[in-house]
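Asker: What follows is a predicted protein model with its sequence.
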Amino acid sequence: MTVSLALRNHPSLPAHTRERIQRLAQDQGYRPDPVLTHLMQHLRNQRAPIPTGNLTALTTLDAGFVRRLLAGARARAAHLGYDLDLINIAPYLRRNSTLTRILRARGIAGVLLAPTIDPISYRRLLDWTQFATVAMTYSVVEPRLHRVVTHHFDNAVRTFDLLAARGYRRPALAMTTDMEFRANHSYSAAYYRAAQLQGIRPAPMLLVDRHGPADIRAWFRRYRPDAVVVANAHQVRDYLFPALGERGCAAVAFVCLDYEPDVGISGMDQSFEIIGSHAVDLVVGQIHRNERGLPENPTVSMVEGRWVDVVGKSGTSADAHVSSAVPMECACRRSLTTRRVRPLNVAGLQS
């Protein structure tokens, strides 16, 4: 029994005992039988049902995309036989030891870290040696953990390629400062890559939260973009339309890198539910392998987005298989599909 527990890295044995037995097994050329391992895991799960409440998601931000992440995580956890708790950790940020005791008392084995409003360090939040952990964001900068995130760079590259294929020659990029960080600088990297490959002189990235309406109007007059890519669809509504008005927006096409159905701008659906689901798979795998604590070599798993064309007033769309939404009432919210340019077969853009 001791040897079996040691080879499964079971925490019931002291670390030095596990390491000694594992070294001996390695020296003797031991290799586990994957079929037998799978069978024994199944038998153990039958004998000892998984307790409820053994996964938790730690969050401080209540936003639509976070709710989508958690919905996907909760559905996948239930499919695997787990319950997923949700804990708002704002009250525990200054009482670190309290949260560790609470999680252990609830029998929590796996922890998911949801996005935060601002970059934050959780290094002292928990005794990380007690838990298997996966982050669903770049905004948790410490500790260094396994992550599952959207493929920001690929999503942006595909978006700029789509604009070029539809005839737009002066694309520009606008976003808030926090999104440049949340995307791990991938959006700006894709923008300048596209400009270089297309042989165009890129306009400086417009950080909309750092400029007032007059500065935004001056930027548009100077660089005269024919298409603007925004990180989030609501940034058109909240920043650009108030600054430019309906007439100023009418000459520009807008697409977004985070499609929001209620805003009605074509763009990339980041598939947050899939990200949450994959995060659960990753943390459950650690639990099954009895892996706890901070990884020596953290990995990042990326999920590709899915392009969604908003159907314009003409009722046309570049791809009949993508979702549609009611277009915005004001001219600045028009879909790309309203422009009379060479149509693009976007089947290759679907993830």
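Answerer: Everything's here; your move.

Asker: what's A203 in contact with, if anything?
Answerer: When contacts are counted by C-beta atoms under 8 Å, 6 or more residues apart in numbering, A203 is found next to 170, 172-173, 219, 222-223, 225. C-betas here are computed from N, CA, C, even on glycine.

Asker: among these, who's most crowded?
Answerer: Across those, neighbour numbers were computed from other C-beta atoms under 10 Å; L173 holds the maximum, 27 neighbours.

Asker: Assign a three-state SS to that one, would you?
Answerer: For L173, the secondary structure call by DSSP: H, G, I helix; E, B strand; the rest coil comes out as strand.

Asker: Tell me the spacing between it and N184.
Answerer: Between L173 and N184 the distance, using C-beta to C-beta, to the nearest Å, works out to 15 Å.

Asker: any idea which helix or strand carries L13?
Answerer: Secondary-structure assignment from DSSP states H and E places L13 in no helical or strand segment.

Asker: now swap in R67 and tell me
Answerer: Mapping R67 onto the secondary structure by DSSP H and E places it in helix 64-79.

Asker: Now the spatially closest residue to A73 that is not a sequence neighbour: which helix or strand?
Answerer: Of all residues not flanking A73 in the chain, G276 sits nearest, at 3.5 Å (C-beta to C-beta, 6 or more residues apart in numbering). Element membership for G276, per DSSP H and E: helix 272-288.

Asker: what sits up against that helix?
Answerer: With C-beta under 8 Å, 6+ apart as the contact definition, helix 272-288 has outside contacts at 41, 55, 65, 68-77, 80, 82, 84, 109-112, 132-134, 136, 146, 148-150, 292, 301, 303.

Asker: helix or strand right after the lowest-mean-pLDDT helix or strand in the chain?
Answerer: For the chain, using mean pLDDT, DSSP states H and E, the weakest element among its helices and strands is helix 34-47, scoring a mean of 58. Going down the chain from helix 34-47, the next helix or strand is strand 55-59, by DSSP H and E.

Asker: and that following strand, what other elements does it pack with?
Answerer: Applying 3 or more C-beta pairs under 8 Å, 6 or more residues apart in numbering; DSSP states H and E, we find strand 55-59 packed against helix 64-79, strand 84-88, strand 110-113, helix 272-288.

Asker: The stretch 151-300 of the chain: strands as residue ranges?
Answerer: Listed in chain order, the strands of the stretch 151-300 of the chain (DSSP state E, counting those that start in this stretch) span residues 171-175, 206-207, 227-230, 253-256, 267-269, 300-303.

Asker: Format these as TSV; extra columns: distance to L126.
Answerer: Conversion of the strands of the stretch 151-300 of the chain to TSV gives the following (distance: least, C-beta to C-beta, whole Å):
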stretch	distance to L126
strand 171-175	32
strand 206-207	34
strand 227-230	36
strand 253-256	35
strand 267-269	32
strand 300-303	21
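
Asker: Quick one, which of those gets closest to L99.
Answerer: Minimum separation from L99 across the strands of the stretch 151-300 of the chain (C-beta to C-beta) falls at strand 300-303, 25.2 Å.
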